[in-house]
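Asker: Here is a sequence with its predicted model. Questions after.
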Amino acid sequence: MYNNWGVYPTNLIFPGILAGWLSILLIPVAIWSVFWMGWALWKAAKNGSKVWFIILLLVHTMGILDIIYIFMVSKKNGKKARK
């Protein structure tokens, strides 16, 4: 029997095998993303780059933008600040 949302009531209580597989995939991706985001935010704050800090805080790209900032942009900004 369907309810008002068009799903079986048992699917709301027991989501099935998909939820287990989904959590197995999402937990490592979340850890990966938090690690790179934390490192990039730390480097942006240390370099005094407010614009990059805000961009990295608001845009979540599973670590791609964070890695680009860490290995490309922060090194360029660090050399300019030391001169």
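Answerer: Arrived safely.
Asker: outside of stretch 49-60, which residues touch it?
Answerer: With CB atoms under 8 Å, 6 or more residues apart in numbering as the test, stretch 49-60 has contacts from 33, 37, 40, 41, 44, 45, 65, 66, 69, 73, 74, 77. (Glycine included, C-beta is placed from N, CA and C.)
Asker: Repeat the analysis, applying 7 Å as the threshold.
Answerer: In this structure, residues lying in contact with stretch 49-60 by CB atoms under 7 Å, 6 or more residues apart in numbering are 33, 37, 40, 41, 44, 45, 65, 66, 69, 73, 77.
Asker: The fourth one: what's it in contact with?
Answerer: Taking CB under 7 Å, 6+ apart, we find residue 41 in contact with 53, 56, 57.
Asker: ok, 10 Å please
Answerer: By CB atoms under 10 Å, 6 or more residues apart in numbering, the contact set of residue 41 is 52, 53, 56, 57, 66, 69.
Asker: what do you get for the first one?
Answerer: Taking CB under 10 Å, 6+ apart as the criterion, residue 33 is in contact with 60, 61, 62, 63, 64, 66.
Asker: the longest helix in the protein is where?
Answerer: Secondary structure of the chain per DSSP state H: the longest helix is helix 17-47.
Asker: and it, which residues are buried?
Answerer: Residues of helix 17-47 classed as buried by neighbour count (16 or more other CB atoms under 10 Å): 33, 36, 37, 39, 40, 41, 43, 44, 47.
Asker: Verify the stated contact: the fourth one with residue 67.
Answerer: Pointing back at residue 39 there. Yes - at 9.0 Å, residue 39 and residue 67 qualify as touching, with contact defined as CB atoms under 10 Å.
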